[in-house]
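S.K.: give me coordinates for this.
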Amino acid sequence: MSNLSPRSLAEAIGVSESSLKRWVDDGLLTAHRTAGGHRRIPLNEAIRFIRQIGASVLKPEVLGLFDLAQVPPATDVERDAATLMHKALEAGEASKVRGMVQSLYLSGWSPARIFDGPLRESMTKIGELWLHADWGIVVEHRATDIVISAINQLRLLSPPRGEAAPVALGCAIDEDFHAVPSLMAAAVLGDVGYLDINLGAATPAPVLVAAMNHHKPCLVWVACSLDKHKNAAGLLEQVAIATRAANIPLVVGGRGFIEAKIAPPTGAMVVESMSHLEQIARSALPHTPSDPNSTRGTLS
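M.R.: Purely as a prediction, here's the structure:
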């Protein structure tokens, strides 16, 4: 993760360097000091601040967000997000898709809103192309790869989290090779404030339980996008037994639970969208003592 000087961040958002330094000194923007006493601002802290004050990014290349320069102004992206994203995904324009996701996030959209809205709508249309021609499968696989790269870049922009941040751990259930839903869940949870650990697709239940014993999470998620899964009940019950014993919330979601009606284990919460996951995650987020050195406020 790169660090920015006050001058660089000021140039990126079109304000004076003296204003940036004043905001740092007032505790509105967190910066570290180098050995020589110079202020340095972590990129994800700069992104948090940009979203908080609603600043426009005039020079995205200064922040290393080169994909952002490939998209229209933020107002146009917000108005036509689903249409623009669908066209870019169908055409295989990875840079434009990543740039649009970044643009929406910098404009104040949450990852959950991006995923439930334009990304979901776009990928649903892409997923129907195979009905008309075999080439649709190529387009869908390519689009999936682009979406994964966009989500991973978005995760790098999540708000800073300290070593004491609560852990959220999850995966897609064994035999489910759909990587995107669990990755989206990780991005949503990371943005809420968890230290998100995504074990990825097709994770066996014993592996998830072992990871729980090691990482001591405060929340566990399991995604299932399969229409049928003959072993789902047994696998999920293994995880549920472990979460109940540790008194950890277990959240399950995906097409398998919503459309295919795979029965969730006892005590698990079924989420119907990423926004629903965000809501549950916020309510389950442990309250940690505030950093006595942190005095963030709002700009007047």
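S.K.: drop to CA atoms for contacts and neighbour counts, all remaining ones
M.R.: Will do.
S.K.: quickly note the distance from the nearest residue to S149 once chain neighbours are set aside to Q279.
M.R.: Leaving aside its chain neighbours, S149 sits nearest to R98 (7.5 Å; criterion: C-alpha to C-alpha, 6 or more residues apart in numbering). Distance of R98 to Q279, computed by C-alpha to C-alpha, to the nearest Å: 25 Å.
S.K.: pLDDT weak spots in this protein?
M.R.: 1, 74-75, 287-300 (pLDDT under 70).
S.K.: starting at the chain centroid, how far to stretch 132-145?
M.R.: Stretch 132-145 has its C-alpha centroid displaced from the chain centroid by 24 Å (C-alpha atoms, centre = their mean, to the nearest Å).
S.K.: same thing with stretch 176-192?
M.R.: Worked out by C-alpha atoms, centre = their mean, stretch 176-192 lies 7 Å from the chain centre.
S.K.: the residue nearest to S149: neighbour count?
M.R.: Using other C-alpha atoms under 10 Å, R98 has 27 other residues around it.
S.K.: part of a strand, is it?
M.R.: No. Counting by DSSP: H, G, I helix; E, B strand; the rest coil, R98 is not found in a strand; it is helix.
S.K.: list the contacts for it?
M.R.: Counting by C-alpha atoms under 8 Å, 6 or more residues apart in numbering, R98 touches D67, L68, I146, V147, S149, A150, Q153.
S.K.: among these, which one has the most neighbours?
M.R.: That'd be L68 among the contacts of R98, by other C-alpha under 10 Å, with 24 neighbours.
S.K.: residues near the closest residue to that one other than its chain neighbours, how many?
M.R.: In this structure, L68 finds its nearest non-sequential neighbour in G99, 4.0 Å apart by C-alpha to C-alpha, 6+ apart. With neighbours defined by other C-alpha under 10 Å, the count for G99 comes to 24.
S.K.: now the helices for the stretch 1-150 of the chain?
M.R.: Counting by DSSP state H, counting those that start in this stretch, one finds helices in the stretch 1-150 of the chain at the ranges 6-13, 17-25, 43-53, 74-79, 81-91, 94-106, 111-114, 120-127, 135-156.
S.K.: so the closest residue to T34 other than its chain neighbours versus E17, what's the distance?
M.R.: Counting by C-alpha to C-alpha, 6+ apart, T34 lies nearest to R40, which is 7.1 Å off, once chain neighbours are set aside. Counting by C-alpha to C-alpha, the gap from R40 to E17 is 13 Å.
S.K.: please enumerate the shared neighbours of the two.
M.R.: P6.
S.K.: tell me which of those two has more neighbours.
M.R.: A count of neighbours by other C-alpha under 10 Å puts R40 above the other of R40 and E17, at 20 against 16.
S.K.: surely the residue nearest to T34 meets A31?
M.R.: Yes. Contact criterion C-alpha atoms under 8 Å: R40 and A31 qualify, at 5.2 Å.
S.K.: can you give me the helices for the stretch 201-300 of the chain?
M.R.: So, for the stretch 201-300 of the chain - with DSSP H, counting those that start in this stretch - the helices run 205-215, 232-246, 255-258, 274-284.
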